[in-house]
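Colleague: Would you be able to build a 3D model of this:
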Amino acid sequence: MNSSKLTCEQYIKKLLQNYRIISVLSDKNDCKTFRIRHKHLNRDLVLNSFPQIVTAYEILCSIKAENIPEIYDCITLSDGQIVLEEFISGITVADVMKSGNYHYRGAKRVLESVCNALDFLHQNGIVHRDIKPENIIISDEGRVVLIDLNISRKISANTKDTVVMGTVGYASPEQLGITQSDPRTDIYALGILLNVMLTGKHPSEILARGKAKKIVKICTAINPKDRYQSVKELANSL
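Modeller: You can find the predicted model right below:
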């Protein structure tokens, strides 16, 4: 949807005639995320406000996947973009880990679902670029959902990433502007995630044992050619 004559602030003000803000989920780098509720239907949504167009949300607006929040609408405005998406009630992997590390079986279940989400994104030409415990929600029904496509990008043939993006510790070498992000960028972060879920530490501090050790080492190879070449290949190794 295009409402380019309105600003994001004006659009939100108009939307809040029918909705009310329940909580601020995020407010950083000029990107704001709110949980909002319809005043009469008591239906909750997530409202994202971005100062630039996040192409991934536009791509996902017309398609659905089990392990990705449903995107209801993308509105291009004079000063940015508003995205309305499904609200997932649950807790993040980071929340789960406050009470202790995962056992391999539990970590495997989560990673298989995240691999499904990433396979869907990669097939649609999207690299997530911010895989971390805070961006994985376990819903009240047990559904594993990968959220936050704010710094995702379309897969392209550019020689390198022009802007350094990603979470410290999870970002791959190519996200430091060395070369171009591609699906193997997300695979690198999955290796870090698996290790953190099992040990509570980055693999540079403590490396997971047993089968997970080999998986983590392949995922986090410095050269992308030495990693798993697809999330399906990684999932099969789990």
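
Colleague: which residues sit against the top helix by length along the chain?
Modeller: Ranked by number of residues, the top helix in the chain under DSSP state H is helix 104-123. With contacts defined as C-beta atoms under 8 Å, 6 or more residues apart in numbering, helix 104-123 is touched by 56, 65-68, 93, 102, 127-128, 131, 136, 138, 143-146, 152, 155, 183, 186, 190, 193-194, 197-198, 210-212, 230-232, 234-235, 238. The C-beta positions use only the backbone N, C-alpha and C, and glycine is treated the same way.

Colleague: 7 Å instead?
Modeller: Residues external to helix 104-123 that are found in contact with it (C-beta atoms under 7 Å, 6 or more residues apart in numbering): 65-68, 93, 128, 136, 144, 146, 183, 186, 190, 194, 197-198, 212, 231-232, 234-235, 238.

Colleague: Please parse the chain into its domains.
Modeller: Annotated domains of the chain cover 8-86, 90-237 [automatic domain parsing].

Colleague: can you tell me which of those the model trusts least?
Modeller: Mean pLDDT is lowest for domain 90-237 among the domains of the chain, at a mean of 88.

Colleague: Give me the distance between it and the centre of its chain.
Modeller: 9 Å (C-alpha atoms, centre = their mean, to the nearest Å).

Colleague: Could you double-check that Ile151 sits in contact with Asp130?
Modeller: Yes. Counting by C-beta atoms under 7 Å, Ile151 touches Asp130, with 5.3 Å between them.

Colleague: With mean neighbour count added, can I get the domains of the chain in TSV?
Modeller: Formatted as TSV, the domains of the chain follow (neighbours: other C-beta atoms under 10 Å):
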stretch	mean neighbour count
domain 8-86	16
domain 90-237	18
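
Colleague: Adjacent strands (with direction) for the top strand by length along the chain?
Modeller: Counting by DSSP state E, the longest strand found in the chain is strand 19-28. If you go by DSSP bridges, strand 19-28 pairs up with strand 31-38 (antiparallel).

Colleague: Show me what the strand it pairs with is in contact with.
Modeller: Strand 31-38 is contacted by residues 18-26, 43-50, 87, 150 when judged by C-beta under 7 Å, 6+ apart.

Colleague: sorry, back to before: what is the next helix or strand after the longest helix of the chain packed up against?
Modeller: Using DSSP states H and E, the next helix or strand after helix 104-123 towards the C-terminus is strand 126-127. Applying 3 or more C-beta pairs under 7 Å, 6 or more residues apart in numbering; DSSP states H and E, we find strand 126-127 packed against helix 183-199.

Colleague: What is the helix it packs on packed up against?
Modeller: Partner elements for helix 183-199 (3+ C-beta pairs under 7 Å, 6+ apart): helix 104-123, strand 126-127, helix 210-219, helix 231-237.
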